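>>> Show me the folded form of this:
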Amino acid sequence: MLNTLIALAAAHVLADFVLQSARMVQYKRRIGIFLLHISFVALSALLTLGPRPVGDVLALVAFVAAAHGLIDAIKTWLMPQRPADAFWALKLFGGDQVAHIASLAVGAAIWPAAFEQGLWPAVLGAHGASTLVGAIVLATGLVLATRVGAIVIGLLMQGLIEPETTIVQPPTASALRAGIWIGWLERGLVFGFVLLDQFAAIGFVIAAKSILRFEYARKAEQSERVIIGTMASFGWAIGWAVLTQRLWYVVV
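Residues are numbered from 1 along each chain as shown. Next up is the predicted model:
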């Protein structure tokens, strides 16, 4: 069941945060764009499970696509677009992701052997399939730490900076500020240092960013936001790196 759940989680991250472009997020209310996204969800699940015409694999892919479509439809057409809560966008994003992960867990519980029945164990063998799952864990963890982290931190800072005008839709890569690239780099470095058990090296990243942000030290409001964003960014990356490392030890 664990391998099946990992494959589904990787497919979700691939479909939602890699294959889903900024344009798709912006125009998701258009039925064609919506259906395109759901097709990416199905194809991603089929890819990570192992494209093979077996009952459990196909049934699980259909279930995941249907559940994802239902959750996204509720979020896209039934949720309010401009609520008063400054952090509603962050809460909505978190609730949406929790719902998706819950649906994946249900699917993995119903069809626990879907990954073992897929193509990858048959082609790669038991050891090769285990190595593949380990690689999937590392790649998924990196995307969660960097790309997804950018969205979460962006929503957090958006709530702090614009408490009265927060929009429900999470900011995309094209809409975020240029500082997103610094965030990606710092979280990527932290993620790598944790996996290598080089926690002391994280201090150098913090020191480097502190020097770059020194100009804000005399501006109380800006310095507070920088501290919050930095601590949230580092904490997010460390959390996912530790979880990824522990999970990698289990599956490999």
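
>>> quick one: buried residues of stretch 20-36?
20, 24-25, 28, 33-34, 36 (16 or more other Cβ atoms under 10 Å). Where you see a C-beta, it was placed from the backbone N, CA and C, and this is true even at glycine.

>>> Over to stretch 34-51?
So, applying 16+ other Cβ under 10 Å, buried residues of stretch 34-51: 34, 36-38, 40-50.

>>> same thing with stretch 90-107?
So stretch 90-107, judged by 16+ other Cβ under 10 Å, has buried residues 90, 92-93, 96-97, 99-100, 103-104, 107.

>>> May I ask you to name the longest helix in the chain?
helix 220-251 (DSSP state H).

>>> Tell me how far that one lies from the chain's centre.
Here helix 220-251 is found 13 Å from its chain centre; the criterion is Cα atoms, centre = their mean, to the nearest Å.

>>> Tell me which residues of it come out buried.
225-226, 229-230, 232-234, 236-238, 240-241, 244-245, 247-248, 251.

>>> Any chance of the backbone angles for Pro53?
Main-chain torsions, Pro53, degrees, to the nearest 10: phi -80, psi 70.

>>> How many neighbouring residues does it have?
Neighbourhood size, Pro53 [other Cβ atoms under 10 Å]: 7.

>>> State the distance from it to Phe17.
28 Å (Cβ to Cβ, to the nearest Å).

>>> same check, this time on Arg52
26 Å.

>>> ok, now Pro112?
25 Å.

>>> what's the answer for Ala207, then?
Separation of Ala207 from Phe17 (Cβ to Cβ): 30 Å.

>>> Same drill for those two, tell me which one is more crowded.
Neighbour totals were compared for Ala207 and Phe17, and Phe17 leads with 17 against 10 (other Cβ under 10 Å).

>>> Format the buried residues of stretch 20-36 as JSON lines; extra columns: secondary structure, pLDDT and distance to Val190.
Below are the buried residues of stretch 20-36 laid out as JSON lines (DSSP: H, G, I helix; E, B strand; the rest coil; pLDDT from 0 to 100; distance: Cβ to Cβ, whole Å):
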{"residue": "Gln20", "secondary structure": "coil", "pLDDT": "91", "distance to Val190": "25"}
{"residue": "Met24", "secondary structure": "helix", "pLDDT": "89", "distance to Val190": "29"}
{"residue": "Val25", "secondary structure": "helix", "pLDDT": "86", "distance to Val190": "26"}
{"residue": "Lys28", "secondary structure": "coil", "pLDDT": "87", "distance to Val190": "31"}
{"residue": "Ile33", "secondary structure": "helix", "pLDDT": "94", "distance to Val190": "34"}
{"residue": "Phe34", "secondary structure": "helix", "pLDDT": "94", "distance to Val190": "35"}
{"residue": "Leu36", "secondary structure": "helix", "pLDDT": "95", "distance to Val190": "34"}
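
>>> just these now: which is nearest Phe199?
Set against Phe199, the nearest of those by Cβ to Cβ is Gln20 (33.4 Å).

>>> How about the contacts made by that closest one?
By Cβ atoms under 8 Å, 6 or more residues apart in numbering, the contact list for Gln20 reads 37, 40.

>>> For it, give me phi and psi.
Torsion angles, degrees, to the nearest 10, at Gln20: phi -80, psi 110.
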